[in-house]
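Engineer: Coordinates for the following, if possible.
(chains A and B)
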Amino acid sequence: MKTINLYKLFLILGVIVFTVSCTDDLDVIPQDDDEFLSEEFYAQPTAYKQALAGIYGNLSLTGTDGSGSSNLEGIDAGTSQYARTLWYLQDLAADEPIWSYENDEGGAVKAIQRNTWSSTNSILLGFFSRAMFSVALTNEYLRQTTPEMLEARGHTAAVGGDIDAYRAEARLLRAMAYYHLMDLFGKAAFVTENDPVGTYQGPEYNREQLFSYIESELIAIESDLVDARSNEYGRADKAVAWMILAKMYLNAEVYINQDKNTECITYCNKILSSGYSLASDYELNFLADNDSNEAAQNEIIFGLVNDGVVTQNYGATTVIINGEVGSLESNAADLGAEGWGGALRVRKQFAQRFLNGDVPTTDQRNTLLTEGREIEITDVADRDSGYIITKFKNVTSTGSAGSDPTFVDTDFPMFRLADVNLMYAEAVVRGGSGGTIAEAVDYINDLRDRANSTQISEGNLTLDFIIDERSRELYWEGHRRQDLVRFGLFSGGNYNWVWKGGSANGIAIGSHMDIYPIPANNMTANPNLTQNPGY
Amino acid sequence: MKNFRIFLFSVLFLFPLAIFAQQTVKGKVTEATSSDGLPGVDILIKGTTRGASTDFDGNYVLENVKTGDILVVSYLGFKTQEITVNSTTINIMLVEDTESLDEVIVIGYGTTTIKDATGAVSAITEDDFNQGNIVSPASLITGRVAGVNVTTDGTPGGGSAIRIRGGASLGASNDPLIVIDGLPISNSTAGGSRSILASLNPNDIESFSVLKDASSTAIYGSRASNGVIIITTKKGKQSFQAEYNVKVGYQTLANKIDVFSADEFRDIITSRIDGGQTGISVDQLGTANTDWQDEIYQENITIDQNVSVNGMLYNKVPTRLSIGHTKQPGLRKTSKFERVSSSLAMNPKFFDDHLKVNLNANLNFEYNRFADGVEGAALTMDPTQPIYDSSSPFGGFFEYWYTDSAGYAQTMNAPRNPVASLLQRENKSNVKRFYGNVELDYKFHFLPELRAVVNLGYDEIDGGGYNKLDVNSANGQQPEGTDFLGDYSEYTSYKKNSLVDAYLVYNKELENINVEVTGGYSYQKFEAEDYTTNSLIDPDDAEADYTTYADVVLIGFFGRTNLSFFDKYLLTLSYRRDGTSRFSKDNRWGNFPAAAFAWQIGDEDFLKDSETISKLKLRLGWGVTGQQDIDAAYAYLGRYVTGTSVSQYIFGNSTYPIANPQSIFEDIKWEETTTYNVGLDYGLFDNRIYGSLEFYLKESKDLLSEVSVADGSNFSNVGWQNIGNFTSKGIEFAIGSDIIKKEDLNVNVNYNVTFNQTEIDELAAGQDIDTGGIDGGTGSSVQVHREGFAPYSFLVYKQLYTTAGDPIEGAYVDLNQDGVINTDDRYIYKKPTADITMGFQTNVNYKAFDLAFNLRASIGNYMYNNVNSSRAQYNLLQATEALGNMPTSVLESNFNETSEVLLSDYYVENASFLKMDNVTLGYTFKQANEDSAKIRVWTGVQNVFTITNYSGLDPEVFGGIDNTIYPRPRTFLLGANFNF
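Structural biologist: The predicted model follows:
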């Protein structure tokens, strides 16, 4: 009996000792096939391009697990998409589109399109955090891809030839994010790859500091970037860096109170001499195959990839095309999307730009549908009022529908050649050197010829003409607010479009609204950030 | 497995149940009042470990007894007697112990008695359980315990949200820890299962212990902040006993939301057109009269049966086997819950009772059919349209559709026929769950004061199912240029939870001092994996994928000392050191101490002889508990996640699943809750009136919150940090009485009331956290966590009214007086949690009849009526390409535009209520003789009535946002119990 007891005792003690030794079990590691420890991930030579795809992906995708997933919180996943929030802040806030479902995003959409936003607006948070996520992704990429780390992992041979371009592209996307933040918010927290990961609070950079940082960064990476029109579709090349520089110089008066129209012309010329050409048909830029058709090859300088199968997101083009489907028209099939019952329409002032006789109504850029509709929108929720457009489509140039009726294949044309033509002309008119009025008129007429519109003469080329022509050519492409600010037409009362300031006929808004407030959450999380004046 | 169950069942029936040995002393144990024989009474020879139990008739035999030996006769609920042996036949009469002070309460890693308990512990045993249509175990204690709120949803076999003293966390889970026979279970539901407790048969439960204060919960350390519920299942008994219970119910729809009837709808359309509303036309009206709410529900029969057998197996092993079958079609058409449960308990003792073995094994199956929530469509679907339409290509169901230029049917942007949505979907699951434990309790031969206990627990859930949509369904996939193709997907879900507890207990009775010391170790590991095919019909859906979740490992070392001086002064000290895999090496260990002191004032000389006060005990408790139950499994590690098949980026012609680094938070650690508790247990007039009074204060600090982090420095804009403080305080009062206690008439009443108040003291940077997403606008929310207010308070605009008291659409008070009405003008108006909750139960026994009912009240809880706020506006008569119906409450508000009014305080309503959950009336037949079965038949109603001012369907919606719920059925019940 005694031996049995001792045996039992030892058994119990044995169990105890065994289990005590299990405290190492507290070190758990990822087991899912889609999740890796960082070092484990970078042990694969393919990781470098995948992580680069992650930085590019942040321009279209909101997370790693489908359209409903998001790296960000405090805002609906789809509403936090890079190009979509950019589009809300640049276009919906101005005189072109209007969104019917105003209570979306807790009324944040309403506040943007009626210019009644405050620092608690979640769309502001969405773009600010999304752009800063680009910064964080690039910083992490630069930390993980130094030559020393490649060498240590034995990847120098496999990846070394491409890594300089990869790193330069990552820096380009970081600079682009800062460019957008500079334009929209006038400031941002400055964080680089040399700062720690975790809860580091970067210092505030104002417009001047951001301007000079972005400028120097883009010039510094120029040599490492792939030559214009030489990279794989979807990846950025030298022309993208030039494009950002040209746009910064064009807006330099706004950003840093300096005239840099000459520099703008310099960089426009670089792009114009790089072999780009206008697609034969205006529409090709906005179709489901705008990643492969003639526009993709010749006109689009930087497109944000969308695909109804592999790159599903509720981003800009999905929202635009589904939004274009009218409440009365049953035109879902024409647009290749199921549609959301008339979510998007246009404001009166925009429609009149095509209808007031400045251009023939046959101008191909005019995609208005007016039949059975009033031009006026007296009640924003009445989706049968106001005109609608059909500029973007989820249909290919050969007429077949995109691969999915919800998630469109249509890429968002972030930068395209037509904008360069217009920037060149504007910088010349504004007195920049390095270009001529005659060439400017030619560049404008190239656009108008392509659209089967009327030609202009030198006498027509005024700033008033250019701001309207930019709208006719580039509407709904994420430029409008920036353009109106540059022309002094956004804030104040010089130009009141419908629902500006929340009033049906439009009212003046304060000049502080030329830049957005720093979102409240982002500011509390980083006390180095200070609020913009007026908010 | 089915064969295995049949085998076990046969084994129990076929083998001899008791073989009596030589006898020296025999007799019969009877109940003093009724003279009925008492089965299962333990008779022990004092100072030895030898003894016997009475058989079914109360007879016992005890061998090798010497004259002068003292027999200790004990039985739960009766006063223990000691009898000196002086003859060979000793009949014993046991007297019911009204005080039940020795009633055993299961606590963490051990047991105590009501008398010795030092913490705020409530034990609810089988006799006190709620009756009626109990499908889910948590319903057994709804309203029974002060400070415990159980909100059970209306789905068949549906889950319950349980909150003890209002919870203690913001970002982490507020669910209490549930422990079944020593095995803490995971509070996440496996795919395909209705809820974490759905597979557990309530008939197999012997008792619940609710541990409310930290002095009792701290032994569970890191998981105890929200209280602990210990479920003990029934054990094997020595005497033979068989039981068969059956109940049959008829479920009906208790209430509907008022929407316009077909004729009213025709009138409203006409009058709105006359009034100038555009976009709608009488041409859109149909000719049918359909009440879509009636059509999506079904009245149905539910049935629940349970058979259990108790007895000695091989004359050695007290064994209980129970088989249960529950079949509950849901109120919503097609939904169904079916459970087959089998439970085996074996409780043998070896080596002269030195080694006690408790084995519980449960093998349960759930068969579910889930029905989509189509209430929204039923509310908005045009009542003048028919259910069926012979010309429809959608299986003969009416739908809104047209034929496109290619000849394919296309659906319009309109509500889908909710009846078709239900009938054309087959969403079924099977879940197999095996759980149980083996507890070895060894009392050392050379040192009987010392026991070693090892408890091995295991819980494995294997679920899976498919979701199939008929090819004729208008909800199906329709790739470009095809007909509708229906839909189909499959999934599996696997969870495993394993536990090893080992501890030593030293118990020594000295003169005037009782010492019990417990010390041990606990290891628990949770594993989980899910699989989904995603849509196999939609070519654009993500590819099939396994999701393997991170293991969660919890390791604890614990100790407890109970000291009792003069049986009057009780001191409990406990300590736990817990480690979790969720935190980094530097932060993963937390220490959780607790202390409690109790004073039996009633036993002091000055009260001992009081006629009024028969019991008075003061309890003081303090303790620290923790919380780590967040969804981040290892936020301290640098990780990358790669994209699924639909989250790739394209370079040139190649696709690349994107790779994103994941946020890293190296410094997160336990959140800690300190609880202070003062309790008073009292008994008056020989305990005819009894109850308790508790005061508590819970302070949570270092709350695990997902807070904003400085952009650019991490890989999200929010992340886990330990920021925030939170206080909850309250008073709980319970009183019960055997008001009438006569031979023919017994009336017992119980009442409890809880006052609870929770407030957020501090948030990260004082920053609000928006929560409570609602319908009516993508990404809109109506609740907020804000410093100085209760969690989940409503954040709304202050509605302006006309002098006549009618709300003015879109007109709000400019609270910050900046001349603009924007989100900054929202203010906090009310909260979803109740200030006061009450429970009241009555049991009446008159002769052979028994009557029981319970009432539950909740006062000061508010609800955001999202049913109305997102639907009851005139412009929604034409929200889509079809006409839309809406709640008739629009007649009161006269609102037109949803976006103008969505966040108005107009929609925050007082949802205080009084509910009668259940009433049952039973009759017990007189037994023809002692061997015949004891039979009781009963009838009852579940969900009897609700009294409330809330305008919606049901004022009880967990979370305070009512956006259509699965209605709780009213069930009429008939049942019978047979005891052999």
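Engineer: Can you name the residue of the stretch 851-980 of chain B nearest to chain A?
Structural biologist: Residue of the stretch 851-980 of chain B nearest chain A, by C-beta to the nearest C-beta: B:S899 (3.5 Å). No exception for glycine: its C-beta is placed from N, CA and C like everyone else's.
Engineer: number of nearby residues for that residue?
Structural biologist: 22 (other C-beta atoms under 10 Å in any protein chain shown).
Engineer: That one belongs to a helix?
Structural biologist: Yes. If the criterion is DSSP: H, G, I helix; E, B strand; the rest coil, then B:S899 is within a helix.
Engineer: show me the contacts for it.
Structural biologist: For B:S899, the contacting residues are A:101-103, A:107, A:110, A:381, B:776-777, by C-beta atoms under 8 Å, 6 or more residues apart in numbering or on different chains.
Engineer: So which of these belong to strands?
Structural biologist: Within those, no residue falls in strands by DSSP state E.
Engineer: from the residues you listed, which is closest to B:G147?
Structural biologist: Among the contacts of B:S899, B:G776 lies closest to B:G147 (C-beta to C-beta), at 34.9 Å.
Engineer: which non-adjacent residue is nearest the closest one?
Structural biologist: In space, and not counting its chain neighbours, B:G776 is closest to B:S870: 3.2 Å by C-beta to C-beta, 6 or more residues apart in numbering or on different chains.
Engineer: Where does pLDDT dip in the chain?
Structural biologist: Since you didn't name a chain, this refers to chain A. Across chain A, the ranges flagged by pLDDT under 70 are A:1-22.
Engineer: Wait, chain B was what I had in mind.
Structural biologist: B:1-23, B:33-34, B:76-77, B:96-102, B:779, B:930.
Engineer: Show me where it has its helices.
Structural biologist: In chain B, the helices defined using DSSP state H lie at B:2-14, B:214-217, B:262-274, B:292-296, B:375-380, B:418-423, B:605-608, B:866-869, B:890-893, B:898-901.
Engineer: Could you save the ones you listed as JSON lines and add columns showing distance to B:N714?
Structural biologist: Shown next, in JSON lines, are those (distance: least, C-beta to C-beta, whole Å):
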{"stretch": "helix B:2-14", "distance to B:N714": "52"}
{"stretch": "helix B:214-217", "distance to B:N714": "34"}
{"stretch": "helix B:262-274", "distance to B:N714": "53"}
{"stretch": "helix B:292-296", "distance to B:N714": "46"}
{"stretch": "helix B:375-380", "distance to B:N714": "38"}
{"stretch": "helix B:418-423", "distance to B:N714": "42"}
{"stretch": "helix B:605-608", "distance to B:N714": "62"}
{"stretch": "helix B:866-869", "distance to B:N714": "34"}
{"stretch": "helix B:890-893", "distance to B:N714": "45"}
{"stretch": "helix B:898-901", "distance to B:N714": "35"}
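Engineer: which residues does B:T939 contact?
Structural biologist: Taking C-beta under 8 Å, 6+ apart, we find B:T939 in contact with B:920-922, B:972-975.
Engineer: Now, of the residues you listed, which are buried?
Structural biologist: For these, a neighbour count by 16 or more other C-beta atoms under 10 Å in any protein chain shown gives the buried set as B:920, B:922, B:973, B:975.
Engineer: who does the third one bridge with?
Structural biologist: With DSSP bridges applied, B:L973 shows beta-bridge pairing to B:G249, B:G940.
Engineer: Give the full set of residues in contact with it.
Structural biologist: B:L973 neighbours (C-beta under 8 Å, 6+ apart): B:132-133, B:247-250, B:920, B:938-942.
Engineer: So how do I select the buried members of these in ChimeraX?
Structural biologist: This is the ChimeraX syntax for the buried subset of those, where burial follows 16+ other C-beta under 10 Å:
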select /B:132,133,247,249,920,938,940,941,942
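Engineer: Three-state assignment for the residue sitting nearest the centre point of chain A, please.
Structural biologist: Using C-alpha atoms, centre = their mean, the residue of chain A that lies closest to the mean C-alpha position is A:A83, 3.1 Å off. Following three-state DSSP, A:A83 is assigned to helix.
Engineer: is it true that it touches A:F412?
Structural biologist: Yes. At 4.6 Å, A:A83 and A:F412 qualify as touching, with contact defined as C-beta atoms under 8 Å.
Engineer: Determine the residues that are contacts of both of the two.
Structural biologist: Common neighbours of A:A83 and A:F412 (C-beta under 8 Å, 6+ apart) are A:60, A:304, A:315-317, A:478.
Engineer: Can you go through those and name the buried ones?
Structural biologist: Here, 16+ other C-beta under 10 Å leaves A:60, A:304, A:315-317, A:478 buried among the shared contacts of A:A83 and A:F412.
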